[in-house]
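**Q** missing the sequence, but the structure's below:
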Ligand SMILES: O=C(O)C(=O)C[C@]1(C(=O)O)C=C[C@@H](O)C=C1
């Protein structure tokens, strides 16, 4: 057995000395951010302090540089919080999310903006849009698609009537747990509350383990968790945030049928985000009702070798049998190859609306 090189006492002294350095360096960094804020405020009327492209670059660089022993995601999360605190010094950022408190959307908001952001729950997706449009908050966070259940139509439809732009995306691994009040026994659970999407994502597990329990759909997972707090014969399917918020125990963990179950959320705001180096663009395209229209729309993507990551169809709501396409692809609208493709699509389509170019989610 090899002897430890330093005693416990000596290691703790070393940690204290390192903490002194870290403290000094974080303070120096925060002072730099304050100066950045002064420059922004001087040069731009209505200065925008939050810079998604810069944040993505900072996090990507840290992940590339990291050599362990902490893994790169863990290290990026630490830097995420440092930047969040620095941004709060520049200007506290207010974020509306699809609530109530304890939902996965709140978790996504905090994952993206860090714990120093002020997050405000809204009752519905269109309320999140309205709060951002009215200027009551700086940004909004809404779910847009789930890997098991598909697209969230409310969010796509809200974009059709809104002038807001997409400033970012965040992907969250969704882990569902079966939660109960502390005194509830497994054999007493006769009713399970959850959001319909979560029931769908855990259907096989529920069929196998609780085939007899009544499944009661409610408006959110957090609402399900709130209900079981006082019902000793009920359980809720919800995530970690809701479990913590309502002090519930986990009867079973990670009960989702697919281990890669994840949800993608969009950050909506009023700004056009510059190129970060690894970006995505989202469009809504209305096509004329004629044969070959879809082929005509897709052809320029193929020719310019642009990687489409999603294509959704929605009724346009402005005429019978008219459809619009929601398209996501890799690349930024200011890249020449993307700009050339967009020009061609514009010629072929009845209407094209660029919802935004934004950094591919880092964390
Ligand atoms: O570089 C900037 O523009 C900053 O304001 C600094 C900083 C950071 O802490 O690194 C903080 C907030 C921005 O969203 C991006 C980066």
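**A** Great, that's in hand. Quick caveat: nothing in here was measured; it's all calculated off a predicted structure.
**Q** if I look at residue 312, how far off is the ligand?
**A** 30 Å (CB to the nearest ligand atom, to the nearest Å). From N, CA and C alone the C-beta is placed, and that goes for glycine too.
**Q** How about the contacts made by the closest residue to residue 329 other than its chain neighbours?
**A** Here the nearest residue to residue 329 in space, its sequence neighbours aside, is residue 308; by CB to CB, 6 or more residues apart in numbering that works out to 4.7 Å. Going by CB atoms under 8 Å, 6 or more residues apart in numbering, residue 308 touches 298, 301, 327-329.
**Q** May I have the phi/psi pair for the closest residue to the ligand within the stretch 1-150 of the chain?
**A** Nearest residue of the stretch 1-150 of the chain to the ligand, counting by CB to the nearest ligand atom: residue 86, 3.4 Å away. Dihedral pair for residue 86: phi -60, psi -40, per degrees, to the nearest 10.
**Q** ok, it - contacts?
**A** Residue 86 touches 29-30, 33, counting by CB under 8 Å, 6+ apart.
**Q** Among the residues you listed, which are located in helices?
**A** Judged by DSSP state H, the contacts of residue 86 include 29-30, 33 as members of helices.
**Q** if we can go back for a sec, need the buried ones from the contacts of residue 86 selected in ChimeraX.
**A** In ChimeraX syntax, the buried subset of those is picked out as below (16 or more other CB atoms under 10 Å):
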select :33
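**Q** Does residue 79 lie in a helix or a strand, and which?
**A** Under the criterion of DSSP states H and E, residue 79 resides in helix 72-90.
**Q** tell me the domain ranges of the protein?
**A** The chain breaks down by automatic domain parsing into domains covering 8-89, 93-174+262-269, 179-252, 279-359.
**Q** end to end, how far does stretch 196-207 reach?
**A** Start-to-end span of stretch 196-207 (CA to CA, to the nearest Å) is 15 Å.
**Q** again, but for stretch 117-134
**A** One end of stretch 117-134 sits 19 Å from the other (CA to CA).
**Q** Other residues contacting that stretch?
**A** Contacts of stretch 117-134 (CB under 8 Å, 6+ apart): 84, 87-88, 92-101, 103, 106, 109-110, 113, 137-142, 152, 154-155, 158, 162-164, 268-270.
**Q** what do you get if the cut-off is 6 Å, keeping everything else the same?
**A** The contact list for stretch 117-134, computed with CB atoms under 6 Å, 6 or more residues apart in numbering, reads 92-101, 106, 109, 137, 140, 142, 154-155, 158, 162, 164, 268.
**Q** Give the ChimeraX command for selecting the buried subset of those.
**A** Of the contacts of stretch 117-134, the buried ones can be selected in ChimeraX as follows, counting by 16+ other CB under 10 Å:
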select :93,94,95,96,97,98,99,100,101,106,109,137,140,142,155,158,162,164,268
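**Q** Return the subset of the contacts of stretch 117-134 lying in helices.
**A** Using DSSP H, those in helices are 106, 109, 154-155, 158.
**Q** In this structure, where is pLDDT below threshold?
**A** Scanning the chain for pLDDT under 70 picks out 1-4, 318-321.
**Q** Would you mind listing what in it touches the ligand?
**A** 33, 36, 50-51, 54-55, 58, 83, 86-87, 90 (CB under 6 Å from any ligand atom).
**Q** Going along the chain, name the strands of the stretch 251-363 of the chain.
**A** Using DSSP state E, counting those that start in this stretch, the strands of the stretch 251-363 of the chain run over residues 262-269, 279-286, 308-315, 323-330, 351-359.
**Q** Output the contacting helices and strands for the last one.
**A** Identification of packing neighbours for strand 351-359 by 3 or more CB pairs under 6 Å, 6 or more residues apart in numbering; DSSP states H and E yields helix 52-65, strand 165-173, strand 279-286.
**Q** Sweet, I'm off.
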